[in-house]
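Novice: structure, please.
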Amino acid sequence: MIEFAANPEDILQELAALRAADAPTHGGQVLSYVYDSGLEAVDKLAAAAMLAVQPLNGLDPTTFTSIAAMERDVLGFMRTLLGGDGDVVGTVTSGGTESCMLAVRTARENFKGTGTPRLLAPASVHAAFHKAAHYFGLALDLVPVGADGLADAAAMEAAMGPDTALVVVSAPSYPHAALDPVAAVAAAAQSRGIDCHVDACIGGLVLPFWPGLPSWDLSVPGVTSIAADLHKYGYAPKGISVLLTRGRDRQRSQYFAATSWPGYPVVNPTLLGSKSAAPLAAAWAITKLLGTAGFAGLAASCLRATTALLEAVGQIEGLAVVGNPTGPLFAVAADTSVPAGRRIDPHHWADRLKAHGFTAQLQPAFTQADGSTLPRTTHLTITPVTESRLAELIEAMNQAGDDVRGVPGIEPRQLLDAIEGPMAALLSDGSGALRDSETARLVLAGLGLAGGGLPEAMAPVLALVEALPRPVSEWLLTELLAALVEPAESP
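Specialist: Prediction:
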């Protein structure tokens, strides 16, 4: 007889207390990370489907045949939705990052060019492609985007060469919701025998229902793969995405297979071996429940809410929407067409928006390879539940604007100028010498960022990210996040 270390009810109460500190996942108050359909039936069905497959191991669909059946159904649904034909095959992955990484690995394995294979993408491409290039040994070539966040098709074409293994475009890009010129870039890539991947991780289950768009999916000649996340606008629990690839032979190089050991034959289409079947079962059940018509209805809600919010931002003096966003997401920046005393710094605005009950995502200014700078912004992701809270959200947006209108944004250079002594030298040196965890903790403490979490006001933190050389900011942020999950010292 096993003697339990604690009472199950006590454990669940402790978990409930921990969850109480989380940002709310339902109700539309968090405008990033979570995707709330607003339909209780979707959540209940997903939970039941996950429980039904809880013991299964996705490593082996020949033993647990329900996994293969569900994956076939999900891939078939997504292939039809994203304009694929019978030559398109696919894989269910653990999320957008894994889909992106597998697309890059597949292109590297199929690379027939010369030199170190190169990954060519707009500067706005998701950071997952930075990770993929780093992991798989490709040179990352980022082409500057316009002030509207849109990829430059001519510049992308000019950058293609015999060492280009993969060209990536976004549908849309996450930072500014720009729908890149997929057809033009894919045609240029195809004429040179280069694979072209469309990152539709955020748009793949909503853009098919968005009105007035140019072609952007697998129906476009030259597009060789596309990724879409079912844990975004597919409303499934984290984490599930699909990677669809044109051509079986191209897709098979995505696999890892090994019989050169004395154990069972290992054949994996994904980076993970053993994996939960729960997100797959939830996504499978949700696609059965909603069908194409259901997803279209939820997309229509997103469209109405997004249209209303874009109009609302247009009425807030001092703020401006960046570019011409596509889909249920957009970014706002300070409106430089009005006097400085009437402008709204988007980071101060986001901090005040949180005080009024809604959490948006701060994005730092970014200097591109050509020296041009994309301004600091605040990102908002809109979901179907947003429509039910429009009046409240718009009121909060207006109040937040009134709170900080005319308050100057934090100047990154001033932050560094205020720091003296050895720390100043360390923070200003992009190639600094000693970068260990203990030094990082001392620096974070000196910057007021020690103590197990981030401050309520994030504008100073983002200004610091803008001010520091990227290797330094990445080092410090790594330590900040790593420290959050380190076990406490034993008494």
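Novice: from here on, contacts and neighbour counts on C-alpha atoms
Specialist: Will do.
Novice: could you list the low-pLDDT ranges of the stretch 301-450 of the chain?
Specialist: Within the stretch 301-450 of the chain, the stretches with pLDDT under 70 are 418, 420-422, 425-426, 428-434.
Novice: please enumerate the strands of it.
Specialist: Counting by DSSP state E, counting those that start in this stretch, the stretch 301-450 of the chain has strands at residues 319-321, 329-334, 361-363, 366-367, 373-374, 377-381.
Novice: what does the fourth one rub up against?
Specialist: Contacts to strand 366-367, defined as Cα atoms under 8 Å, 6 or more residues apart in numbering, come from residues 373-376, 466.
Novice: can you check these and name whichever has the most neighbours?
Specialist: Highest neighbour count within these, by other Cα atoms under 10 Å: residue 376, with 22 neighbours.
Novice: can you name the residues that contact it?
Specialist: Residues in contact with residue 376 (Cα under 8 Å, 6+ apart) are 333, 346-347, 362-366.
Novice: can you rerun that using 7 Å?
Specialist: 333, 363-365 (Cα atoms under 7 Å, 6 or more residues apart in numbering).
Novice: residues near the closest residue to residue 30 other than its chain neighbours, how many?
Specialist: Distances taken as Cα to Cα, 6 or more residues apart in numbering put residue 359 closest to residue 30, at 4.7 Å, once the chain neighbours are dropped. Residues lying near residue 359 (other Cα under 10 Å) number 21.
Novice: isn't residue 359 right up against residue 29?
Specialist: Yes - proximity of residue 359 to residue 29 meets the contact threshold set by Cα atoms under 7 Å, at 6.2 Å.
Novice: run the chain-centre distance for the helix or strand containing residue 76.
Specialist: For residue 76, the host element (DSSP states H and E) is helix 65-81. Centroid displacement of helix 65-81 relative to its chain, using Cα atoms, centre = their mean, to the nearest Å, is 23 Å.
Novice: tell me the first helix or strand C-terminal of it.
Specialist: Following helix 65-81 toward the C-terminus (DSSP H and E): strand 88-93.
Novice: and the angle from the following helix or strand past that next one to strand 88-93?
Specialist: Counting by DSSP H and E, the next helix or strand C-terminal to strand 88-93 is helix 96-110. If you take axes from the mean of the first three to the mean of the last three Cα atoms, to 10 degrees, helix 96-110 sits at 130 degrees to strand 88-93.
Novice: out of the strands of the stretch 301-450 of the chain, which gets nearest to residue 473?
Specialist: Nearest to residue 473, of all the strands of the stretch 301-450 of the chain, is strand 366-367, at 13.1 Å by Cα to Cα.
Novice: which strands border that closest one, and is each parallel or antiparallel?
Specialist: If you go by DSSP bridges, strand 366-367 pairs up with strand 373-374 (antiparallel).
Novice: against residue 91, how distant is the closest residue to residue 326 other than its chain neighbours?
Specialist: Distances taken as Cα to Cα, 6+ apart put residue 177 closest to residue 326, at 5.5 Å, once the chain neighbours are dropped. According to Cα to Cα, to the nearest Å, residue 177 stands 26 Å off from residue 91.
Novice: higher neighbour count, those two?
Specialist: Using other Cα under 10 Å, the more surrounded residue of residue 177 and residue 91 is residue 177, with 29 against 21.
Novice: secondary structure class for the more buried one?
Specialist: What DSSP: H, G, I helix; E, B strand; the rest coil gives for residue 177 is coil.
Novice: contact partners for it?
Specialist: Applying Cα under 7 Å, 6+ apart, the residues contacting residue 177 are 325-327, 329-330.
Novice: then residue 463?
Specialist: Residues in contact with residue 463 (Cα under 7 Å, 6+ apart) are 410-412.
Novice: just the buried ones from those residues?
Specialist: For the contacts of residue 463, a burial check counting by 16 or more other Cα atoms under 10 Å picks out 410, 412.
Novice: quick check, nearest of the contacts of residue 463 to residue 387?
Specialist: Taking Cα to Cα as the measure, residue 410 is the one of the contacts of residue 463 closest to residue 387, at 32.9 Å.
Novice: pLDDT score for the closest residue to the closest one other than its chain neighbours?
Specialist: Closest residue to residue 410 apart from its sequence neighbours, by Cα to Cα, 6+ apart: residue 463 at 6.2 Å. According to the prediction, residue 463 has pLDDT 88.
Novice: need the three-state assignment for residue 463.
Specialist: Using three-state DSSP, the structure places residue 463 in helix.
Novice: repeat for residue 456
Specialist: The three-state assignment at residue 456 reads coil, by three-state DSSP.
Novice: could you find the closest non-adjacent residue to it?
Specialist: By the measure of Cα to Cα, 6+ apart, the closest residue to residue 456 outside its immediate chain neighbours is residue 351, 7.7 Å from it.
Novice: one more: residue 476?
Specialist: In this structure, residue 476 finds its nearest non-sequential neighbour in residue 440, 5.8 Å apart by Cα to Cα, 6+ apart.
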